[in-house]
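J.: show me the folded form of this:
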Amino acid sequence: MTLTRRWKVRALFGPAAWRGLLLAWCLVAVAGARGQGADLLELDVRRTESGLVLDYAVRLQLPRAVDEALQRGVPIYFEAQATTYRPRWYWRDERVGRATRAWRLSYQPLTSGWRVSQGGLHQTYATLAEALSAISRGTGWPIADGARVEPDEAYYTDFSYRLDTSQLPRPMQIGIGSLADWTLQVERTVRLDPP
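T.: Predicted coordinates for the structure are as follows:
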């Protein structure tokens, strides 16, 4: 009788059961990590009469550490950068245009609102989701001047959207580079072939 019980216990906690348990744990960990970060939903470069313009959409899910810092009044900075190149076989690729946008996101405790600043423009939003939606989309963003863009040439654009930790207060920057919670970044390259 004890032999059968031992066999059942071994079958219950055997190598296959441990592998199944490990697989389930990994799936839960990956699903939890997938909920935080930045995902690129849309990226499109198109030609216009004035040059090249870029449309993008990023889905932002702030990690807990970033959200707590915002709630405590620490401003967070985001940056979108697009660099356009013309490929050349005989030399390094020619940089045709470079454009950068930067946003400052901060919590206003007196009004319980969220303030987004870009350059000299400021906008207040009622919720964090509305503020993140405002800074995570761009439409018709000029990235290369029409005078430098030839209509029959191919181009490619390196796009990046990231949380700029270099703009954080100095005491917070110490040791933050190695923390995964503070690494929100999306990079992508898109080609634009001649028409």
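J.: run a quick neighbour tally on P151.
T.: 8 (other Cβ atoms under 10 Å). Yep, even glycine has a C-beta here, placed from its N, CA and C like the rest.
J.: oh sorry, the question was meant for V53
T.: 19.
J.: R191 too?
T.: Counted by other Cβ under 10 Å, the residues lying close to R191 total 10.
J.: when you give positions from now on, start the count at 38
T.: In the new count, where the first residue is 38, that last one comes out as R228.
J.: so what's the closest residue to it other than its chain neighbours up against?
T.: Using Cβ to Cβ, 6 or more residues apart in numbering and skipping the chain neighbours, the partner closest in space to R228 is Y193 (4.7 Å). Contact analysis of Y193 by Cβ atoms under 8 Å, 6 or more residues apart in numbering lists T121, Y122, P124, T226, V227, R228, L229.
J.: now with 6 Å?
T.: Shown in contact with Y193 (Cβ atoms under 6 Å, 6 or more residues apart in numbering): Y122, T226, R228.
J.: what about the residues you listed, which are in strands?
T.: Y122, T226, R228 (DSSP state E).
J.: strands of the protein, start to end?
T.: 74-85, 88-98, 113-123, 131-145, 150-155, 158-162, 174-182, 192-200, 222-229.
J.: tell me which of these sits nearest to A106.
T.: Nearest of those to A106, taken as Cβ to Cβ: strand 113-123 at 6.8 Å.
J.: which strands and helices sit next to that closest one?
T.: Here strand 113-123 touches strand 131-145, strand 174-182, strand 192-200, going by 3 or more Cβ pairs under 6 Å, 6 or more residues apart in numbering; DSSP states H and E.
J.: quick revisit: between the ones in strands among the contacts of Y193, which is nearest R141?
T.: T226 (27.4 Å).
J.: isn't the closest one right up against D195?
T.: Yes: between T226 and D195 there is a contact at 5.3 Å, judged by Cβ atoms under 6 Å.
J.: which of the two has more residues huddled nearby?
T.: Using other Cβ under 10 Å, the more surrounded residue of T226 and D195 is D195, with 15 against 12.
J.: quick check: bridge partners of the nearest residue to the more buried one once chain neighbours are set aside?
T.: In space, D195 comes closest to T120 once its chain neighbours are excluded; the distance is 4.9 Å by Cβ to Cβ, 6+ apart. Assessed by DSSP bridges, T120 has beta-bridge partners R135, D195.
J.: check T161 too.
T.: R152.
J.: pull the number of nearby residues for it.
T.: 12.
J.: what's around the residue nearest to D195, how many residues?
T.: Using other Cβ under 10 Å: T120 sits among 18 other residues.
J.: Throw the strands of the chain into CSV and include mean pLDDT, thanks.
T.: Shown next, in CSV, are the strands of the chain (pLDDT from 0 to 100):
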stretch, mean pLDDT
strand 74-85, 91
strand 88-98, 95
strand 113-123, 96
strand 131-145, 95
strand 150-155, 96
strand 158-162, 96
strand 174-182, 94
strand 192-200, 95
strand 222-229, 94
